[in-house]
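Colleague: Dropping a prediction and its sequence here:
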Amino acid sequence: MAAMSPHFTLHVATSADGFIARTEGHAPSEWASPEEQSLFLSAIDGADWSVMGRKTHIAADRPDRRRIVFSARQTPGWFRPSQLRLDPGNLRPSDLAARVGHIRPLVTGLILGGTRVHDWFLGHRAIDAVQLTVEPLEFGTGLPVFAGQDGTDPVKIFRQRGFRVETETILNPRGTRYIRLLPGA
């Protein structure tokens, strides 16, 4: 029986003008609503593994969480019992499950960022769903969801890349939006 391919969900919080942070190290925990943070923690608890870049990992280091950390600069390998560092250069998303399966099978993976990690999964057409939270604030400039994007409506950013809105809800009186998107226009 062949192993199932992992299902990857991109969980991302953005400003209303489409940025994931003002600068490197500007974690959503500093600016996102409590409702978004609750969804974020629930998504982490529900995933087998989280995938993120080195800078995202450093910004929110959690030794107790299962993580695959992409880094072309650091030596690949297990640096904690449940945290693996990999250079994604010659890998495909389907390769990740074999690397971590002896610790815990990778059936559901959570893509947490940053921009280069988002681009890698998008380039491999391996984003199976998006959980997008749009906070009612504007950064003006910052780190984009995907490389080459201008600041714009976050839903438009995903629509331009072939995703469609499945559901949208308002999370709080301030107008924080939670949008679930799926591939396919």
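Modeller: Ah, there it is. Just so you know, these numbers come straight off a predicted model, no measurement behind them. Residues are numbered from 1 along each chain as shown.
Colleague: most residues in a single helix of this protein, which one?
Modeller: helix 34-46 (DSSP state H).
Colleague: Not counting sequence-adjacent ones, nearest residue to residue 73?
Modeller: Here the nearest residue to residue 73 in space, its sequence neighbours aside, is residue 54; by Cβ to Cβ, 6 or more residues apart in numbering that works out to 6.9 Å. C-beta: built from backbone N, CA, C; applies to glycine.
Colleague: what sits against the residue most central in space within the chain?
Modeller: The centroid of the chain falls nearest to residue 112 when counting by Cα atoms, centre = their mean (2.5 Å). Going by Cβ atoms under 8 Å, 6 or more residues apart in numbering, residue 112 touches 11-12, 50-52, 56.
Colleague: tell me what the longest helix of the chain is packed against?
Modeller: strand 7-15, strand 108-113, strand 129-135, strand 177-183 (3 or more Cβ pairs under 8 Å, 6 or more residues apart in numbering; DSSP states H and E).
Colleague: which one of the ones you listed lies closest to residue 141?
Modeller: strand 7-15 (10.2 Å; Cβ to Cβ).
Colleague: where exactly do the strands run in this structure?
Modeller: Using DSSP state E, the strands of the chain run over 7-15, 19-21, 49-53, 67-70, 77-80, 83-86, 108-113, 129-135, 143-144, 163-170, 177-183.
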